Each structure stands twice: as structure tokens, then as C-alpha cells.
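Novice: next come a sequence and a model predicted from it.
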Amino acid sequence: MTPETQDLVSWPRDLRGKLRLACEGTDSPTGVYPPLDRANLPRWVWCVLTWSMAAASLALVSYSELALLGFFIVLPMIWWVYTKWWTAVVGHLIFGAGFAAAGYLRGDEAWWVNSIIMVVVVLVTGTWVTWVHIVRYEAIHALADKEKALAALARTQGELVAAERAAGIAAEHERWSREVHDTLAQGFISVVNLAQTALNDLSEHSERSEHSGSDSGEARTLYGLLAEIEAVGRDNLAEARALVAGESPSALRDDGLEAALRRLTRAPEHHGLDIVLVAELPAQMTSALEVAVLRIVQESLSNVVRHARAGRVDVVVSSSSEAGELIITVADDGVGAGGAPEGTGLTGMRARVETLGGTLTVDPLQEPDERGRVGTVVEARMPL
């Protein structure tokens with residue numbers, strides 16, 4: 001036992017400790033001390049039972065000394081039932097007076113001596129037991145308060161960790177925003193400016209060619225290509241600025257997801273592809289889910305243009321109410337993946353889908369045809 005514990009259960013030395021011993025009890029749910037509190041009975045039941053046994057023992061002691069055995073039950077029960085020291089003392093004095101009266105009526109010459117000895121011994125032992133019980137309940141409350149304090153500390157630490165993590169994410173986002181603004185955005189601005197300058201010069205050259213009567217077919221072709229370069233540069237500049245501002249893609253802010261998908265399938269860089277879009281979108285979609293759908297279709301079409309050598313692409317975006325999923329399928333009739341490892345774009349798509357709790361698969365579309373083409377189908381499933 002540690003010195004602190006010894007001091008905790010030692011006899012009260014000051015007036016405040018003595019008053020607490022005399023007047024305070026415990027806040028046990030049943031109002032009684034162990035082991036009686038395990039029965040979960042009301043306190044008045046124990047009071048009635050204790051004094052009924054006390055009365056029976058005092059009544060029978062006049063007929064048989066075996067009734068004294070009942071004292072070994074009654075005396076502890078008085079301490080257990082009355083949790084305040086002074087009430088237990090009064091109870092024992094009443095019982096001691098009853099025992100003295102029974103001895104007097106029985107004609108016992110030492111009737112008062114036996115009663116005094118019994119009361120003194122019981123008061124000394126019972127007082128100590130009462131003090132131990134009070135300290136026990138104080139220790140229980142102290143442990144409960146400690147657990148509450150530790151739980152509050154754990155919650156505070158969790159909130160602090162979450163706040164630090166949020167601050168770190170915000171700082172990283174700000175850093176990337178500066179990098180995008182200072183590099184990609186400035187680069188796109190340069191592309192747009194150069195395309196505009198080339199277009200102006202080409203327009204002047206075309207006008208001179210028309211005046212001179214020379215063929216301007218090649219100039220018109222170059223003019224169209226430069227216009228496409230300018231349009232792509234402007235679109236990507238808008239995307240870079242939206243990324244810096246932490247907003248959704250500019251394509252989604254104009255007319256919604258379906259319109260953005262249709263514009264994507266008609267983009268100049270997809271010329272030469274027969275793209276069929278079927279969009280059966282649910283009524284309600286989160287912003288993160290809309291961005292994921294746009295990026296998955298965008299990256300899949302980009303892969304088809306760069307690698308598949310396909311002639312037709314089917315893009316289907318639908319929802320399954322039974323499974324509660326949004327399903328995105330991009331299928332092409334190209335040469336297939338050919339066992340090549342996943343590139344950065346496909347890895348990024350898979351990470352984006354898994355972040356939203358979904359799955360992404362890449363499989364051949366069909367058996368090899370007469371030209372050996374198996375095609376590719378990219379399917380993403382994400383919960384709504």
C-alpha cells in the first residue's frame with residue numbers, strides 16, 4: 001500500500017474529516033453498503049428486514065442463548081443498512097438498549113455490562129468499516145472522474161490531430177495552387193497569346209494571298225489548327241484557374257454534367273472517332289461524384305485517342321437503383337491494352353474511384369476479330 005493510499009484510508013484527524021465521517025454516507029444506487037447492494041432491493045426493505053430480525057433475536061434470547069447467534073447477523077446489517085455514521089450509531093444504541101432490557105427481564109445480574117461491551121465493540125469496528133466504505137466510494141468517484149478526464153483528453157487530442165491535418169491539407173492546397181498559378185496557368189496564357197499572334201499573322205498573310213490570287217487552302221488549314229490550339233489553351237487555362245480557386249471544373253459550372261459530357265465527346269481532339277454517348281444520370285449527385293464521372297470519361301477518351309487506334313467508342317453513364325451504384329462504361333473497338341502496365345492516367349482514375357468507395361476494371365471488349373482487335377472496356381462503379 002502506498003503512502004497516499006494509507007493516508008486515504010487512515011482515521012480522520014481534522015474536524016472536517018470527523019464531521020464527514022459522522023454525517024456523510026454514500027450515494028450507492030440502493031442506499032446500502034455492500035454486500036446488500038447486490039440484491040438491488042429498496043432500502044426500506046432492508047430496514048424492515050433488519051429490525052424484524054433484531055426484534056425476533058431479542059424476543060428469543062429470553063428463551064434460549066442460541067438466539068445470540070442472530071446478533072452476528074443483525075449487528076453487521078445495521079452498519080450496512082444505515083450509510084450515515086450517526087444513524088448507525090443510534091441504531092446500535094437502540095439495539096443495545098433492547099439487549100439490556102432483555103437481560104434485565106431475564107434476571108441477568110450483569111445485564112448492563114454485556115450490553116455496554118457489545119455496544120463499544122460494535123461501535124469501534126463499525127466506525128472503522130463505515131470510514132473504509134466512504135473512502136471506497138470516493139475512490140470509485142475519483143476513478144470515474146479520471147476516466148472522464150482521460151476521455152475528454154482523448155477527444156481533445158483527436159480534434160487537435162484533425163485540426164492539424166486540415167491545416168496541413170489547406171497549406172498543401174495553397175502551395176499547389178501557387179505552383180499551378182505560377183507554372184501551368186502562365187504556360188497556358190503563353191500558348192493562347194502565341195496562338196492569337198499566329199492567327200493574326202496568318203490572317204494578314206491570307207488577305208495578301210487572296211489579293212494576289214494564290215491558293216490559300218494550306219493557310220486555311222493552319223488557321224483551323226491554330227484556332228483549335230487557342231481553344232484548348234483557353235479551356236485548360238480555365239481549368240487551371242478553377243483548380244487554384246478550389247472550385248469544380250469549369251465545364252460543370254456552365255450547364256451541368258450531361259452537357260459537359262456531350263461537349264467532351266464533340267471536342268476537336270476527338271475528330272475521327274465515332275463517339276456514342278448514353279447518359280442516364282440520377283436526379284441527385286454529389287459534386288465529388290460529378291467530377292469523378294467527368295474525369296473518368298475524359299481520361300478514357302484520351303487513352304483511346306492516344307493508344308487504341310479505334311474507330312468507335314461507346315460511353316454509357318447510368319445508375320442502378322437496386323445496387324445504389326453509378327456505373328460508367330467506356331468501350332472502344334481498338335487494339336486493346338495488349339498486357340501493357342497501367343499508366344499514370346489509369347492509376348489516377350483507379351485512385352479517384354477507390355477514394356469514393358468504388359471499383360474500376362479494365363478488360364478486353366471481345367474476342368480477337370479478323371484484324372486481331374479485342375477492344376477495351378473501362379468500367380467504374382461508385383456508390384451513390
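Specialist: Looks like it came in fine.

Novice: run a quick neighbour tally on W176.
Specialist: By other C-beta atoms under 10 Å, 12 other residues sit near W176. Where C-beta positions appear, they are placed from N, C-alpha and C, glycine not excepted.

Novice: how about the contacts made by it?
Specialist: Applying C-beta atoms under 8 Å, 6 or more residues apart in numbering to W176 gives no contacts.

Novice: any idea how far the strand or helix carrying it is from the chain center?
Specialist: If you go by DSSP states H and E, W176 is part of helix 111-180. Distance, stretch centre to chain centre, for helix 111-180: 25 Å (C-alpha atoms, centre = their mean, to the nearest Å).

Novice: buried residues in stretch 341-354?
Specialist: The neighbour-count check on stretch 341-354 (16 or more other C-beta atoms under 10 Å) flags L346, M349, R350, R352, V353 as buried.

Novice: average pLDDT for the helix holding W176?
Specialist: In this model, helix 111-180 has a mean pLDDT of 81.

Novice: same deal with stretch 336-344?
Specialist: Regarding stretch 336-344, the rounded mean pLDDT is 78.

Novice: run through who's touching that stretch.
Specialist: Outside stretch 336-344, the residues touching it (C-beta under 8 Å, 6+ apart) are N303, A308, R350, V362, P364, L365, R373, V374, G375, T376.

Novice: go again using 10 Å as the cut-off
Specialist: The contact list for stretch 336-344 (C-beta atoms under 10 Å, 6 or more residues apart in numbering) reads 299, 303, 306-308, 310, 346-350, 362-366, 368, 372-378.

Novice: list buried residues within these.
Specialist: Neighbour counting by 16+ other C-beta under 10 Å classes 299, 303, 307-308, 310, 346, 349-350, 362, 365, 373-378 among the contacts of stretch 336-344 as buried.

Novice: got the buried residues for the helix or strand that contains L289?
Specialist: L289 belongs to helix 287-303 when assigned by DSSP H and E. Using 16+ other C-beta under 10 Å as the test for burial, helix 287-303 gives 289-301, 303.

Novice: how far off centre is it?
Specialist: For helix 287-303, the distance to the chain centre is 28 Å (C-alpha atoms, centre = their mean).

Novice: next secondary structure after it?
Specialist: strand 312-320.

Novice: just the angle between that next one and helix 287-303, please?
Specialist: With axes from the mean of the first three to the mean of the last three C-alpha atoms, to 10 degrees defining the directions, strand 312-320 sits at 160 degrees from helix 287-303.

Novice: adjacent strands (with direction) for strand 312-320?
Specialist: When pairing is defined by DSSP bridges, strand 312-320 lines up against strand 274-279 (parallel), strand 325-332 (antiparallel).

Novice: any stretches of the stretch 251-384 of the chain with poor pLDDT?
Specialist: Where the stretch 251-384 of the chain drops to pLDDT under 70, the residues are 251, 253-254, 268-271.

Novice: thinking again about what came up before, tell me what the helix holding L289 is packed against?
Specialist: Using 3 or more C-beta pairs under 10 Å, 6 or more residues apart in numbering; DSSP states H and E, the elements in contact with helix 287-303 are helix 250-255, helix 257-265, strand 274-279, strand 312-320, strand 325-332, helix 344-355, strand 359-363, strand 376-383.

Novice: for L93, which of the ones you listed is the nearest?
Specialist: For L93, the closest of the helices and strands packed on helix 287-303 is strand 376-383, at 74.5 Å, according to C-beta to C-beta.

Novice: partner strands of the closest one and their direction?
Specialist: Counting by DSSP bridges, the strands paired with strand 376-383 are strand 325-332 (antiparallel), strand 359-363 (antiparallel).

Novice: pull the CA atoms of it into PDB?
Specialist: Extracted C-alpha coordinates of strand 376-383, given in PDB (Å, rounded to 0.1, in the frame of the first residue of the first chain):
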ATOM      1  CA  THR A 376     -11.100  -2.300 -74.300                       C
ATOM      2  CA  VAL A 377     -13.900  -1.700 -71.900                       C
ATOM      3  CA  VAL A 378     -13.300   0.500 -68.800                       C
ATOM      4  CA  GLU A 379     -16.000   0.100 -66.200                       C
ATOM      5  CA  ALA A 380     -16.200   2.200 -62.900                       C
ATOM      6  CA  ARG A 381     -18.800   1.500 -60.200                       C
ATOM      7  CA  MET A 382     -19.300   4.000 -57.400                       C
ATOM      8  CA  PRO A 383     -21.900   4.200 -54.700                       C
END
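
Novice: still on that earlier bit, now for the strands paired with strand 376-383, which one comes closest to V135?
Specialist: With C-beta to C-beta as the measure, strand 359-363 is the member of the strands paired with strand 376-383 nearest V135 (60.4 Å).

Novice: angle of the closest one against helix 344-355?
Specialist: Using the same axes, to 10 degrees: strand 359-363 against helix 344-355 is 140 degrees.

Novice: figure out how far strand 359-363 is from the centre of its chain.
Specialist: 29 Å.

Novice: again with stretch 229-240
Specialist: On the basis of C-alpha atoms, centre = their mean, stretch 229-240 sits 39 Å off its chain's mean C-alpha point.

Novice: and that stretch, what's buried?
Specialist: By neighbour count on 16+ other C-beta under 10 Å, the buried set for stretch 229-240 is I229, E230, V232, G233, D235, N236, L237, A238, E239, A240.

Novice: next, format those as a markdown table and append secondary structure, distance to A88 and pLDDT.
Specialist: Converted to a markdown table, the buried residues of stretch 229-240 look like this (DSSP: H, G, I helix; E, B strand; the rest coil; distance: C-beta to C-beta, whole Å; pLDDT from 0 to 100):
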| residue | secondary structure | distance to A88 | pLDDT |
| --- | --- | --- | --- |
| I229 | helix | 98 | 75 |
| E230 | helix | 97 | 73 |
| V232 | helix | 92 | 70 |
| G233 | helix | 92 | 73 |
| D235 | helix | 88 | 71 |
| N236 | helix | 87 | 70 |
| L237 | helix | 87 | 72 |
| A238 | helix | 85 | 70 |
| E239 | helix | 82 | 71 |
| A240 | helix | 82 | 70 |
